[in-house]
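In: no sequence on this one, just coordinates:
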């Protein structure tokens, strides 16, 4: 909620709250001979990197099968102490050198030498129930910690099961390193058991990937992948590890992670371009800052807040940037786009100067590009040149790190914009288009009420994870986010099933005293609920709230609005009792069916020291508003179905 009072119990005035919508991310490319980096589609961010004289492996060319036979496994060296005897030891040593503390994966034949080398390591491996869960857990770990999360899988189906998670990380520019086993090089290309062209399959959904062909160099390959995942525009990388390479002889400590010498993402923007952009911003009557996920990736949220407050400029966020600017601040307009706040969409539509930082201007944000900020001079700050003018034409492109360029702009501003009247207009829009809902006591529980109740019952720094669907939007709109890295979700890919495994990764990356709460939908929860068994085994203190409307609700909402209310394959009356399912997994299960149960049930679930699941039965007819139809005009958002 945006600083508005929390809702009274049903039967009183409707409650008001916050924002929702989506915008995403990918990764910067390198000019080296490394494998091709994946599509450039996302919010961005900058991390310091260290150049080296190494050249990346050319993963576009599978190595020729060697005459090496797979050696018999031996007792692993203690790679955790720097002793390296095999390629697998070198892999583990590289991870240790990178500061890795947790890994998420599923064991298997081709990756077994690496797991064996982990036997003596102090790094904590978390065995997941499915490889997709490992990728999502690593993704969320990276989002919360800011450092790459690591996932592992064997060859063939193990590697292909990672693809959804890697594609999600790629779209959202989340730092992830994937290590996959591969058949021995002699068997590559022979359709061997559990052989898949992992490099070829994952090329389009990774920033860079490598086929390791030499035990002596495999540790360097892993370190390079780690550095590339963290550096410049962040994103997922992958190293494919043939079994004869990880079993092969190696002796060198691979050293600290290093990017290729050709990897040189820009830090600061051209000074003349900065001066011109600052002059335009200072002269604006209706300025708006649009903060994208790149602000969070670059750890530039404090810089953003200082710049906005110094110059009195209202701030709108994309969905990945939720929490980048405190939503209870007077200048906060929260999220814009398809399910953004009415006041955010009005401000973006009416602005005469839009300072967009670390955003790729995806379609869920812009709606129809021709009606997006139609009268605005666009100042676009991004670490990735490929994003400049890709979707929205930039009048003033500033290529560089989000925080560094904001510092440049702050130094170059001749004065603050004369925007007092504009700020007042934005306040009026907040009063005119509040997020609100009716909650009659004799009707089913409203999902918005449940979200606000959990927000009331938890600390301000609570981390919220979600699946994808209506529940995701309600969790974004009706929770007040004041800190970065407390919103963890799947944006660009929109991967249902993200929620539960992401909660595991977020919990392990979070501070010990932080609460971690997952809002999931019944359809999304079903896709990865097996990962609840991992939370039980690890005794993780997490709370999953399933907003259960017995449907994949966003599909049903679109069917109502655009497909004549024909509910083909969208109704889920057959879902199990999730509270009972939780108990079967060994977690605590709770159920909410009436308003009077909400407070007590949530208090018990949140107080339980371990994983708990709340099966919250909500109004099956409740929809997400505001809404801008796909490709529509953000300034003509609908507040009800009859306005679509």
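Out: Perfect, thanks for sending it. None of these values were measured; they are calculated from a predicted model.
In: any idea which helix or strand in the protein has the lowest mean pLDDT?
Out: None of the helices or strands of the chain scores lower by mean pLDDT, DSSP states H and E than strand 15-17, at a mean of 33.
In: let me see the domain layout of the protein.
Out: Annotated domains of the chain cover 79-247, 271-432, 444-643 [automatic domain parsing].
In: residue ranges with poor pLDDT in the protein?
Out: Applying pLDDT under 70 to the chain flags the ranges 1-82.
In: top helix in it by residue count?
Out: helix 131-145 (DSSP state H).
In: same for whichever helix or strand comes after it, what does it pack against?
Out: Following helix 131-145 in sequence order, the next helix or strand is strand 149-153 (DSSP states H and E). Where contact means 3 or more Cβ pairs under 8 Å, 6 or more residues apart in numbering; DSSP states H and E, strand 149-153 is packed against strand 102-105, helix 131-145, strand 176-182. Quick note: C-beta positions are derived from backbone N, CA and C, even for glycine.
In: residue 358: which of the ones you listed is closest?
Out: Proximity to residue 358 (Cβ to Cβ) singles out helix 131-145 among the helices and strands packed on strand 149-153, at 14.5 Å.
In: quick one: distance of that closest one to the chain centre.
Out: Taking Cα atoms, centre = their mean, to the nearest Å, the mean C-alpha location of helix 131-145 is offset from the chain mean by 9 Å.
In: got the angle between that helix and strand 149-153?
Out: 170 degrees (axes from the mean of the first three to the mean of the last three Cα atoms, to 10 degrees).
In: how close does residue 448 get to residue 571?
Out: Residue 448 sits 22 Å away from residue 571, going by Cβ to Cβ, to the nearest Å.
In: of these two, who's got more company?
Out: When residue 448 and residue 571 are compared for neighbours, residue 448 comes out ahead with 29 against 16, by other Cβ atoms under 10 Å.
In: wait, a helix at the more buried one?
Out: Yes. Assessed by DSSP: H, G, I helix; E, B strand; the rest coil, residue 448 belongs to a helix.
In: verify the stated contact: it with residue 478.
Out: Yes. Between residue 448 and residue 478 there is a contact at 4.6 Å, judged by Cβ atoms under 8 Å.
In: list the single closest residue to residue 616 in space, sequence neighbours excluded.
Out: Excluding the flanking residues, the one nearest residue 616 by Cβ to Cβ, 6 or more residues apart in numbering is residue 592, at 4.3 Å.
In: next SSE after the host helix or strand of residue 229?
Out: Per DSSP H and E: residue 229 is located in helix 218-230. As assigned by DSSP H and E, the chain's next helix or strand after helix 218-230 is strand 236-242.
In: adjacent strands (with direction) for that next one?
Out: strand 176-182 (parallel), strand 208-211 (parallel) (DSSP bridges).
In: surely the residue nearest to residue 616 meets residue 617?
Out: Yes. Counting by Cβ under 8 Å, residue 592 does reach residue 617; the two are 6.5 Å apart.
In: got any residues that touch both of the two?
Out: residue 445 (Cβ atoms under 8 Å, 6 or more residues apart in numbering).
In: so which of these two has more stuff around it?
Out: A count of neighbours by other Cβ under 10 Å puts residue 592 above the other of residue 592 and residue 617, at 26 against 20.
In: show me what contacts the more buried one?
Out: Residues in contact with residue 592 (Cβ under 8 Å, 6+ apart) are 445, 450, 598, 601-602, 614-617.
In: residue 108 too?
Out: Taking Cβ under 8 Å, 6+ apart as the test, what residue 108 contacts is 153-155, 158, 181, 194.
In: so it sits in a helix?
Out: No. Going by three-state DSSP, the assignment for residue 108 is coil, not a helix.
In: roughly how far does it sit from residue 217?
Out: 23 Å.
In: swap in residue 522?
Out: 48 Å.
In: looking at those two, which is more packed in?
Out: The neighbour comparison of residue 522 against residue 217 (other Cβ under 10 Å) goes to residue 522, with 26 against 20.
In: hmm, the more buried one is touching residue 544, no?
Out: No. Proximity of residue 522 to residue 544 does not meet the contact threshold set by Cβ under 8 Å, at 11.7 Å.
In: surely residue 155 is in contact with residue 114?
Out: No. Contact criterion Cβ under 8 Å: residue 155 and residue 114 do not qualify, at 11.8 Å.
In: could you pull out the buried residues of stretch 98-113?
Out: 98, 100, 102-108, 110-113 (16 or more other Cβ atoms under 10 Å).
In: tell me which of these is nearest to residue 224?
Out: Nearest member of those to residue 224, counting by Cβ to Cβ, is residue 98, at 10.5 Å.
In: list phi and psi for the closest one.
Out: As for residue 98, its main-chain torsions (degrees, to the nearest 10) stand at phi -80, psi 0.
In: contact partners for it?
Out: Contacts of residue 98 by Cβ under 8 Å, 6+ apart are 148, 223, 226, 256-257.
In: and these, which is closest to residue 556?
Out: residue 148 (37.1 Å).
In: that closest one against residue 228, yeah?
Out: No. Using Cβ under 8 Å, residue 148 makes no contact with residue 228, being 9.3 Å away.
In: mind listing the helices for the stretch 401-550 of the chain?
Out: For the stretch 401-550 of the chain, the helices defined by DSSP state H, counting those that start in this stretch cover 402-412, 420-432, 447-457, 470-477, 499-509, 522-528, 532-537.
In: what about the longest one, distance to the chain center?
Out: Okay, so that is helix 420-432. The answer for helix 420-432 is 31 Å, by Cα atoms, centre = their mean.
In: got the contact list for it?
Out: 2, 285-287, 312, 314, 330-331, 333, 341-343, 346-347, 350.
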